[in-house]
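Participant: I would like to see how this sequence folds:
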Amino acid sequence: MVPKRHPRRSRRPDRLIRRLSGDGSEGVLRPHAGEEDHAENQLLIAILRARIPTTVGIGVFTSRHPEISIEVLNRSDVSKDVSVSDYWISGQPPGVWAREIASYPDVLKVDALTEVGNGSLYRVTFRNPPTIPLFRDLGIPIHFPLRIQAGFIRWEVVARRSEAQAILAHFRKTDANFQVVSLRRQRLRSHLPLLTQTQSQLLAQAMAAGYFAVPRRITLTGLANKLGKSKSSLSEMLANIEKKLLESALNPTSVSP
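Facilitator: As a prediction, this is how the structure comes out:
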């Protein structure tokens, strides 16, 4: 009689989440035995949900108005310590919330833009919360949109293991009860070209400004003016970045197994 085979058990997502979140006292992802050599060859793609610190005005605003949902659509540097972002805020005509949002200490300027769908667009200039310098120091782009409601924010983090540990440690300091909503892993492609630091920074700036959005939210001329570059040099730099990324994506023979 042929023995009955038991199906192979797959690694459960909740087990990965527990390992990523730590044991309740540490935000550390510990590899299993034998995984250490491959840890930095994998990307971790995680959705995090955390309470926004009370020092960040938009968190206080959404706590006061829990029925409102906000999508942060982009972010650009104004200076080292100041950023500007476009916020889509649900449920009210343009300008309704401008005065209240501008009243928070970290908010420097609010412009009501236009009505879009069942809400309105606002452009908010603000002092950077600690999360932005962290992502900047790690060299990790922020993935938009960020969703905020009732004082909580949802982040999509795409990072190597060591980078993810630094991000988790940061979130644990600001919210000891933050949640890892979902987690998956993906191998890095060995053939992907390494962009230079300048190219990586430019790509992140162009994405944050909406140059690669559909529809495009800023023209090449507008982006060049924003970054203080000539239109011709910026066009050439973006073309080189796109060429590297397209060549790597169209090379199916060099994907790691």
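
Participant: I'd guessed Ala112 sits against Gln92; true?
Facilitator: No: between Ala112 and Gln92 there is no contact under Cβ atoms under 8 Å: 10.2 Å. For glycine as for every other residue, the C-beta is placed from the backbone atoms N, C-alpha and C.

Participant: Compare those two (neighbour count), which wins?
Facilitator: Ala112 (18 against 14; other Cβ atoms under 10 Å).

Participant: pretty sure the more buried one belongs to a helix, no?
Facilitator: No: using DSSP: H, G, I helix; E, B strand; the rest coil, the assignment for Ala112 is strand, not a helix.

Participant: Show the pLDDT at it.
Facilitator: Here the pLDDT value assigned to Ala112 is 95.

Participant: Likewise for Leu44?
Facilitator: Confidence score, pLDDT, at Leu44: 86.

Participant: count of neighbours near it?
Facilitator: Neighbour number of Leu44 under other Cβ under 10 Å is 23.

Participant: The residue lying closest to it once chain neighbours are set aside: helix or strand, and which one exactly?
Facilitator: In this structure, Leu44 finds its nearest non-sequential neighbour in Ala164, 4.7 Å apart by Cβ to Cβ, 6 or more residues apart in numbering. Under the criterion DSSP states H and E, the helix or strand holding Ala164 is helix 161-174.

Participant: For that helix, which residues meet the burial criterion?
Facilitator: 161, 163-165, 167-168, 170-172, 174 (16 or more other Cβ atoms under 10 Å).

Participant: With respect to Val180, which of those is nearest?
Facilitator: Leu168 (8.2 Å; Cβ to Cβ).

Participant: Please tell me the pLDDT value assigned to the residue nearest to Leu44.
Facilitator: For Ala164, pLDDT reads 89.

Participant: Counting by contacts, list what the helix ranked longest in the chain packs against.
Facilitator: The longest helix of the chain (DSSP state H) is helix 231-249. In this structure, helix 231-249 makes packing contacts with helix 197-209, helix 220-227, judged by 3 or more Cβ pairs under 8 Å, 6 or more residues apart in numbering; DSSP states H and E.
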